[in-house]
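>>> The sequence isn't on hand, but the structure is:
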């Protein structure tokens, strides 16, 4: 079983990084680029966004339809080795291939779109989670952002969904907490050899609807 922690000194460092990115670095960089770059093309991009989603972005789409839509967008790394690390707050920027090839379209962008979708569908719990893996040293180079949503059933009970970029994990039967979901995810990543056998995670953004 992989080590998966949401406490301790490494968690504290990760949480500080999450707060810095969410409330300072990412919005500041996004605002700068919006004023000097995005604002010039945003109207055209919004029309492109509506066409790609058939005018149904995102609350009118079923989970399967939204998943299919996400699979249509290529994952692209952020430029300057991740130095230009910000999240597209406008979905029109996210769906634009032109913007993606110039600035990237990676895990935080996909996770943000999933977060907004879950909120629009009235899920009881919605999270963006920042995680990384620590080996012998401490590094943020392997950090990753995913989305987790919890949906209540009309007849009682609930179920979790985990979204990793374009992929949806629905086989989370029996999981009753985010901690159990994250342990499952860390175990799965460790089994397939992606290096997450020593995972530390924290909430990056969260929403509850009780």
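Received, thanks. Please read these numbers as outputs of a predicted model, since none were measured by experiment. Numbers count the residues shown, from 1 in each chain.
>>> pLDDT at residue 38, what is it?
pLDDT recorded at residue 38 is 92.
>>> Kindly report the same for residue 81.
Reading off the model, residue 81 has pLDDT 69.
>>> cool, residue 139 as well?
Residue 139 is given a pLDDT of 60.
>>> now residue 56
For residue 56, pLDDT reads 54.
>>> what's the answer for residue 185, then?
On pLDDT, residue 185 comes in at 91.
>>> what do you get for residue 192?
pLDDT at residue 192 comes out at 69.
>>> try the one 10 residues further on
The score at residue 202 is 95. That number is its pLDDT.
>>> Need phi/psi at the nearest residue to it once chain neighbours are set aside.
The shortest distance from residue 202 to any non-neighbouring residue, by C-beta to C-beta, 6 or more residues apart in numbering, is to residue 15 (4.6 Å). Using the backbone N, CA and C atoms, a C-beta is placed for each residue, glycine as well. Main-chain torsions, residue 15, degrees, to the nearest 10: phi -60, psi -40.
>>> measure residue 15 to residue 131 for me?
Relative to residue 131, residue 15 is positioned 12 Å away (C-beta to C-beta, to the nearest Å).
>>> Mind telling me which residue is nearest the centre of the protein?
residue 111 (1.7 Å; C-alpha atoms, centre = their mean).
>>> on that earlier part again, quick check: neighbours shared by residue 15 and residue 131?
Common contacts of residue 15 and residue 131 (C-beta atoms under 8 Å, 6 or more residues apart in numbering): residue 202.
>>> Quickly find the element holding the residue nearest to the centre of the chain.
Element membership for residue 111 (DSSP states H and E) is helix 107-120.
>>> so the residue nearest to the centre of the chain sits right up against residue 145, yeah?
Yes. The pair residue 111 / residue 145 is scored as a contact, 4.4 Å apart, by C-beta atoms under 8 Å.
>>> what is in contact with these two at once?
Counting by C-beta under 8 Å, 6+ apart, the residues touching both residue 111 and residue 145 are residue 128.
>>> Count the neighbours of residue 141 for me.
Neighbour count for residue 141, taken as other C-beta atoms under 10 Å: 8.
>>> for it, helix, strand, or coil?
coil (DSSP: H, G, I helix; E, B strand; the rest coil).
>>> now swap in the one 10 residues further on and tell me
Under the three-state scheme (three-state DSSP), the conformation of residue 151 reads as strand.
>>> wait, isn't it in contact with residue 159?
Yes. Applying C-beta under 8 Å as the test, residue 151 and residue 159 come out as touching, 5.8 Å apart.
>>> And the residue nearest to residue 202, what's its pLDDT?
pLDDT for residue 15: 93.
>>> before we move on, back to that, who's more crowded, residue 15 and residue 131?
residue 131 (22 against 18).
>>> In this structure, where's the longest strand?
The longest strand of the chain (DSSP state E) is strand 198-208.
>>> now the angle from that one to helix 107-120?
40 degrees (axes from the mean of the first three to the mean of the last three C-alpha atoms, to 10 degrees).
>>> Can you give me the buried ones in strand 198-208?
Across strand 198-208, burial judged by 16 or more other C-beta atoms under 10 Å covers 198, 199, 200, 201, 202, 204, 205.
>>> quick check, distance from that strand to the centre of its chain.
Distance of strand 198-208 from its chain centroid, counting by C-alpha atoms, centre = their mean, to the nearest Å, is 10 Å.
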